[in-house]
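K.L.:
build the 3D model from these lines:
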Amino acid sequence: MSNPLVRSLDWNLLRVFLVIAEERSISKAADALNRTQPAVSTALKRLEEQLNTQLVLRNATMFQLTDNGRLLHRECKEVFNTIGHIPSLIAETTESLAGTLSLTMASHMVSELIDESLALFHERHPNVTVDVSLVTSAVVIEQVMNRSINVGICLACSHVPGIEYLHLYKEHFGFFCGPRHRYFGRRDLTLADLQGERAVTFKVFASSEVIQTITAMYRQANMGMPFSGLSDNLEELRRMIIAGVGIGAMPIHVMQRDVRDGLLWQLPPYHRPTPIDVYLVTNQKAQLTRIENAFIAQMREVVAAKTIEERTYPPFFTEP
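P.N.:
Reported below is the predicted structural model:
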């Protein structure tokens with residue numbers, strides 16, 4: 001602690017600033033902290049004086065973090081997320097694991113690798129509660145980066161520095177239509193037949209190369225724009241495809257049951273579908289709990305027992 005700023009900085013001011021930045025409002029931050037607005041404004045002013053920089057630009061109609069404000073906001077989130085994991089670390093003092101495994105996943109991750117890992121983990125650690133949250137792949141990466149979560153499973157097309165990736169499996173995306181669409185049941189189609197067709201897709205996140213990769217599929221097929229349906233949730237896209245709102249790109253192996261049940265029909269291209277990899281992701285700087293380390297070790301064990309060919313879905317491609 002040789003740095004004078006580290007010795008003199010009031011950590012309560014950092015907490016107040018974090019709430020201000022998250023709420024994007026002095027008044028909302030005051031409500032969240034159960035303090036008066038003048039007290040919150042004074043705390044912000046004191047922090048800016050200690051750091052000798054302006055953190056927030058605001059007036060009656062505008063609230064905006066400065067460049068230094070955004071930098072401090074990112075660092076504060078990381079610091080306080082780390083602090084938030086301390087109780088879990090302290091609680092793990094017995095040989096038998098007990099507590100909660102918090103796992104954040106992209107929706108509809110269908111793989112026996114994940115299922116087997118959870119089954120074996122539960123058998124070996126029956127006193128651990130598994131708490132699964134579903135978000136988009138882009139949000140998984142964002143939350144791992146700022147350390148608001150420690151363990152995530154998501155799709156990824158490239159690797160972000162600072163994140164550790166354990167490759168779980170490769171899945172392929174293809175186009176599907178529902179029973180109401182005129183192409184349902186047709187076997188004589190080519191990719192050119194999809195030109196101008198209405199389509200549904202995932203909402204676009206600028207930071208998500210996965211969504212950009214899927215969007216490129218629609219461009220290659222020259223489908224009609226704008227999209228006729230959008231959602232962050234794979235299940236809701238499936239609903240729209242079945243309802244005839246539009247054609248959609250979906251993971252082929254996940255949709256095979258619906259194809260067998262007559263709810264979906266696969267469309268071209270059949271032989272070279274778009275591949276996307278699925279990873280277990282952690283932040284390299286994160287202090288993982290014993291429970292989290294045990295689950296990651298379990299997943300590594302299950303993954304190591306299978307070749308990449310056995311971890312690719314579907315394993316071969318044929319026309320429907």
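K.L.:
element containing the nearest residue in space to Gln37 that is not next to it in sequence?
P.N.:
Excluding its sequence neighbours, the residue lying closest to Gln37 (CB to CB, 6 or more residues apart in numbering) is Ala30, at 4.6 Å. All C-beta atoms are positioned from the backbone trio N, CA, C, and that covers glycine. Assigned by DSSP states H and E, Ala30 falls within helix 26-33.
K.L.:
how distant is stretch 263-270 from the center of its chain?
P.N.:
Taking CA atoms, centre = their mean, to the nearest Å, the mean C-alpha location of stretch 263-270 is offset from the chain mean by 27 Å.
K.L.:
who touches it?
P.N.:
Applying CB atoms under 8 Å, 6 or more residues apart in numbering, the contact partners of stretch 263-270 are 174-179, 181, 183-186, 189-191, 193-194, 238, 241-242, 247, 250, 252, 255, 258-259, 317-320.
K.L.:
next one: stretch 296-308
P.N.:
113-114, 116-117, 120-121, 124, 151, 166-168, 170, 280, 282, 288, 311.
K.L.:
swap the cut-off to 6 Å and go again
P.N.:
With contact meaning CB atoms under 6 Å, 6 or more residues apart in numbering, stretch 296-308 is reached by 113, 116-117, 120-121, 280.
K.L.:
which pair of those residues spans the longest distance?
P.N.:
Leu120 and Leu280 (14.7 Å; CB to CB).
K.L.:
just the strands in the chain please.
P.N.:
Secondary structure of the chain by DSSP state E: the strands cover 56-58, 63-65, 99-106, 128-135, 152-156, 163-177, 199-202, 229-231, 247-251, 265-266, 274-283, 312-313.
K.L.:
looking at those strands, which is nearest to Glu49?
P.N.:
Evaluated with CB to CB, the strands of the chain place strand 56-58 nearest to Glu49, the distance being 13.2 Å.
K.L.:
pLDDT on the closest one, on average?
P.N.:
Mean per-residue pLDDT for strand 56-58: 85.
K.L.:
before we move on, the earlier item: can you give the contact residues for the helix holding Ala30?
P.N.:
Taking CB under 6 Å, 6+ apart as the rule, helix 26-33 contacts 19-20, 23, 37, 40-41.
K.L.:
among the residues you listed, which are in helices?
P.N.:
Among the contacts of helix 26-33, the ones falling in helices (DSSP state H) are 19-20, 23, 37, 40-41.
K.L.:
turn those into TSV, including neighbour count.
P.N.:
Shown next, in TSV, are the ones in helices among the contacts of helix 26-33 (neighbours: other CB atoms under 10 Å):
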residue	neighbour count
Val19	21
Ile20	28
Glu23	17
Gln37	14
Val40	24
Ser41	18
